[in-house]
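Engineer: mind looking at a prediction? Sequence and model below.
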Amino acid sequence: MTKYVVAIDQGTTSTRAIVFNHEGGIVSSGQMEHDQILPKAGWVEHDPEQIWRNTREVIGQALSKADITRHDVEAVGITNQRETAVVWDKNTGKPVYNAIVWQDTRTQDIVDRLAADGGVERFKPTVGLPLATYFSGTKIVWILENVEGAREKAEAGDLLFGTTDSWVLWNLTGGTEGGVHATDVTNASRTLFMDLETLQWDEEILGIFGVPLSMMPEIRSSSEVYGTVESSSLLREVPVAGILGDQQAATFGQAAFEAGESKNTYGTGNFLIFNTGEEIVHSKNGLLTTLGYKLGDAKPHYALEGSIAVTGSLVQWLRDNLGIINSAPEIETLAATVEDNGGAYFVPAFSGLFAPYWRSDARGALVGLTRYVNKGHIARAALEATAFQTREVLDAVNADAGVDLEELKVDGGMVANDALMQFQADILGVPVVRPVVAETTALGAAYAAGLAVGFWKDLADVGQNWQEDKRWEPNMEPAERERQLRNWKKAVTKTFDWVDEDVK
């Protein structure tokens with residue numbers, strides 16, 4: 001009998017369940033979008049209960065399309081939007097507030113307060129991260145300080161925190177009836193609270209933030225059996241055996257297991273991860289030090305990461321807010337109506353600038369405009385912004401790692417855009433390579449789960465599945481590359497110092 005692994009991919013805009021076979025191929029999938037709740041400028045929320053309802057639904061869709069049942073499934077893996085924070089009552093299973101999404105910037109005052117004593121890199125030697133609104137730690141503080149009764153319930157031990165992997169795992173394994181409250185090292189490394197050396201919560205830092213240890217999930221490896229699916233689910237009794245934050249999952253799905261290997265994911269934002277092996281490398285160039293993966297009792301693998309807040313979501317913004325395209329794929333067609341960007345550069349600092357700048361005071365800017373510029377140029381500038389931002393992150397990786405990347409493995413929704421991938425190769429000056437299975441985030445979660453139960457026997461077994469689909473070679477003249485980069489860097493400076501005390 002053929003067996004499968006199911007991956008649950010709880011992302012920023014949707015939740016998916018994908019059935020994978022032993023060759024790493026997609027057998028079937030189910031997908032549902034959830035609401036993007038935007039109460040104020042800079043605030044981004046999701047409804048955790050809607051996410052859980054959708055998770056149950058997409059599991060049913062995927063199993064139905066594959067015409068299989070739980071008896072055909074060896075394990076379930078989970079991957080997720082990493083820094084999005086959920087706080088819920090362990091007795092009722094109800095969230096005390098909407099999930100606060102990784103893109104949300106409301107916690108800047110909390111960041112400033114914590115940075116007053118020691119600066120934004122105050123905790124970086126321990127946790128690998130600067131103080132920023134991006135990470136989930138400050139989001140927990142905001143909920144405890146602003147939701148009525150939350151502080152008292154937390155101090156009494158009644159509230160649980162989790163990134164969305166923990167929320168899905170807890171519900172999937174029983175919820176109020178014995179649900180497992182855990183996370184893996186990759187997600188834990190995005191909170192501001194996990195010690196990179198010990199892989200445990202740092203109680204001193206938790207105390208400084210005012211977050212009770214009782215709220216925090218148990219930190220486990222990325223590949224082990226956490227529990228089994230509860231009895232009312234279509235997947236009842238199937239082991240849940242893998243958890244990886246989405247970007248680490250994509251790296252795992254790209255079979256970038258060893259030091260020196262990397263990948264870049266093009267999604268809502270862009271995330272470049274460079275595997276540093278068993279060595280913790282502290283960045284001097286604006287990158288994050290994070291966990292790559294940990295398989296069972298084996299030693300952890302670490303990584304450097306360059307996080308870019310806005311890439312694919314800029315295309316959504318052009319569609320939903322400006323209406324210059326009706327669907328995301330139309331941007332390639334519109335951009336193709338012009339030969340270049342017409343001198344326009346689009347810096348989408350909607351949530352401030354992430355790597356390598358970490359400027360929360362920045363806001364988006366479209367510069368270099370003349371009457372010559374039309375919507376085709378703007379579409380092209382929007383696509384090029386993704387490639388320029390990736391180049392800056394890759395420069396930082398090269399500086400920190402001490403070796404230049406020779407090619408870039410890519411994945412995510414935007415890699416279907418040939419024009420973008422060609423421009424990416426041009427502006428990097430190295431080949432860009434897309435795998436056959438571009439859904440590497442879900443695939444990585446499936447691999448982690450399958451390895452834990454012996455569905456795949458080892459990393460070599462998994463690595464055999466990776467296949468190249470397409471390669472883009474750079475063909476831009478070096479002088480033109482440098483000219484465009486110079487203009488881009490000039491454009492970035494125009495976004496700085498925008499947010500004053502009275503401008504949020």
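Structural biologist: In hand now; what should we look at? Residues are numbered from 1 along each chain as shown.
Engineer: residue ranges of the strands in the stretch 401-504 of the chain, please?
Structural biologist: 408-411, 432-435, 468-472 (DSSP state E, counting those that start in this stretch).
Engineer: which parts of the lengthiest helix in the chain are buried?
Structural biologist: What stands out as the longest helix in the chain, according to DSSP state H, is helix 375-401. By neighbour count on 16 or more other Cβ atoms under 10 Å, the buried set for helix 375-401 is 376-397, 400-401. Every residue, glycine included, has its C-beta placed from N, CA and C.
Engineer: same thing with stretch 211-218?
Structural biologist: 211-212, 215-217.
Engineer: distance from the chain centre to that stretch, please.
Structural biologist: Offset of stretch 211-218 from its chain centre (Cα atoms, centre = their mean, to the nearest Å): 22 Å.
Engineer: now do stretch 358-366
Structural biologist: 20 Å.
Engineer: so what touches it?
Structural biologist: If you take Cβ atoms under 8 Å, 6 or more residues apart in numbering as the criterion, stretch 358-366 is touched by 105, 108, 111, 120, 130, 132-133, 286, 310, 344-350, 352-353, 378, 381, 491, 494-499.
Engineer: are any of these buried, and if so which?
Structural biologist: Among those, those classed as buried by 16+ other Cβ under 10 Å are 105, 108, 111, 120, 130, 132-133, 286, 310, 344-350, 352-353, 378, 381, 491, 494-495, 499.
Engineer: could you list which of those belong to helices?
Structural biologist: 108, 111, 378, 381, 491.
Engineer: farthest pair in those residues?
Structural biologist: V111 and I378 (32.2 Å; Cβ to Cβ).
Engineer: quick one on the thing from earlier: what's the longest helix of the chain packed up against?
Structural biologist: Where contact means 3 or more Cβ pairs under 8 Å, 6 or more residues apart in numbering; DSSP states H and E, helix 375-401 is packed against strand 262-266, strand 270-277, strand 301-308, helix 312-317, helix 330-335, strand 345-347, helix 418-428, helix 478-493.
Engineer: next, the angle from that helix to strand 262-266.
Structural biologist: 160 degrees (axes from the mean of the first three to the mean of the last three Cα atoms, to 10 degrees).
Engineer: mind checking how far helix 375-401 is from the chain centre?
Structural biologist: 18 Å.
Engineer: average pLDDT for it?
Structural biologist: What helix 375-401 shows for mean pLDDT is 93.
Engineer: please apply the same query to stretch 17-29.
Structural biologist: 96.
Engineer: please apply the same query to stretch 265-273.
Structural biologist: Mean predicted confidence for stretch 265-273 is 88.
Engineer: closest one to A250 out of the buried residues of stretch 211-218, please.
Structural biologist: Closest approach to A250 among these (Cβ to Cβ): P217, at 22.2 Å.
Engineer: secondary structure class for the nearest residue to H301 once chain neighbours are set aside?
Structural biologist: The shortest distance from H301 to any non-neighbouring residue, by Cβ to Cβ, 6 or more residues apart in numbering, is to G292 (4.0 Å). Under DSSP: H, G, I helix; E, B strand; the rest coil, the three-state class of G292 is strand.
Engineer: check contacts around G292.
Structural biologist: Contacts of G292 (Cβ under 8 Å, 6+ apart): 186, 248, 251, 273, 275-276, 300-303.
Engineer: nearest to E258, of those?
Structural biologist: N275 (6.3 Å).
Engineer: quick check, the closest one in contact with A303.
Structural biologist: Yes. Judged on Cβ atoms under 8 Å, N275 makes contact with A303 at a distance of 5.4 Å.
Engineer: look at the two and report which has more neighbours.
Structural biologist: Taking neighbours as other Cβ atoms under 10 Å, N275 and A303 compare with A303 leading, 29 against 22.
Engineer: ignoring the adjacent residues along the chain, who's closest to the more buried one?
Structural biologist: Using Cβ to Cβ, 6+ apart and skipping residues adjacent in sequence, the residue nearest A303 is G292, 3.9 Å away.
Engineer: again, but for A115
Structural biologist: L131 (5.0 Å).
Engineer: how about F161?
Structural biologist: M215 (4.4 Å).
Engineer: next: V338.
Structural biologist: G376 (4.0 Å).
Engineer: for the one you found, give its distance to T333.
Structural biologist: Going from G376 to T333 by Cβ to Cβ, to the nearest Å gives 9 Å.
Engineer: over to T268?
Structural biologist: T268 is 22 Å from T333, where distance means Cβ to Cβ.
Engineer: show me which of those two is the more surrounded one.
Structural biologist: Shown here are T268 and T333; by other Cβ under 10 Å, T268 has more neighbours (25 against 13).
Engineer: show me the shaky parts of the stretch 1-150 of the chain.
Structural biologist: The stretch 1-150 of the chain contains no residues with pLDDT under 70.
Engineer: show me the strands in it, by range?
Structural biologist: 4-10, 14-20, 26-33, 45-46, 73-80, 85-89, 99-100.
Engineer: out of these, which comes closest to G227?
Structural biologist: The nearest among the strands of the stretch 1-150 of the chain, by Cβ to Cβ, is strand 73-80 at 10.2 Å.
Engineer: buried set for the closest one?
Structural biologist: Applying 16+ other Cβ under 10 Å to strand 73-80 flags 73-80 as buried.
Engineer: what does stretch 13-26 give?
Structural biologist: 13, 15-20, 24, 26.
Engineer: still on that earlier bit, burial count for the residue nearest to A115?
Structural biologist: 26.
Engineer: before we move on, back to that, joint contacts of N275 and A303?
Structural biologist: 251, 292.
Engineer: straight-line length of stretch 491-500, end to end?
Structural biologist: 20 Å (Cα to Cα, to the nearest Å).
Engineer: chain center to that stretch, what's the gap?
Structural biologist: 25 Å.
Engineer: just stretch 268-286 next, same as before
Structural biologist: Counting by Cα atoms, centre = their mean, stretch 268-286 comes out at 13 Å from the chain centroid.
Engineer: again with stretch 215-229
Structural biologist: Stretch 215-229 sits 19 Å away from the centroid of its parent chain (Cα atoms, centre = their mean).
Engineer: from S351, how far out is R113?
Structural biologist: Taking Cβ to Cβ, one finds R113 at 20 Å from S351.
Engineer: and the two? Which one has more around it.
Structural biologist: Each of R113 and S351 has its neighbours counted (other Cβ under 10 Å); S351 has more, 23 against 13.
Engineer: nearest residue to that one in space, please, no chain neighbours.
Structural biologist: Excluding the flanking residues, the one nearest S351 by Cβ to Cβ, 6+ apart is A309, at 4.5 Å.
Engineer: pLDDT score assigned to the one you found?
Structural biologist: 85.
Engineer: enumerate every residue touching it.
Structural biologist: 103, 134, 269, 348-354.
Engineer: any idea how far L213 is from it?
Structural biologist: 30 Å.
Engineer: JSON lines for the contacts of A309, including distance to W43?
Structural biologist: Output for these, formatted as JSON lines (distance: Cβ to Cβ, whole Å):
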{"residue": "Q103", "distance to W43": "9"}
{"residue": "Y134", "distance to W43": "14"}
{"residue": "G269", "distance to W43": "17"}
{"residue": "P348", "distance to W43": "18"}
{"residue": "A349", "distance to W43": "17"}
{"residue": "F350", "distance to W43": "12"}
{"residue": "S351", "distance to W43": "11"}
{"residue": "G352", "distance to W43": "14"}
{"residue": "L353", "distance to W43": "19"}
{"residue": "F354", "distance to W43": "18"}
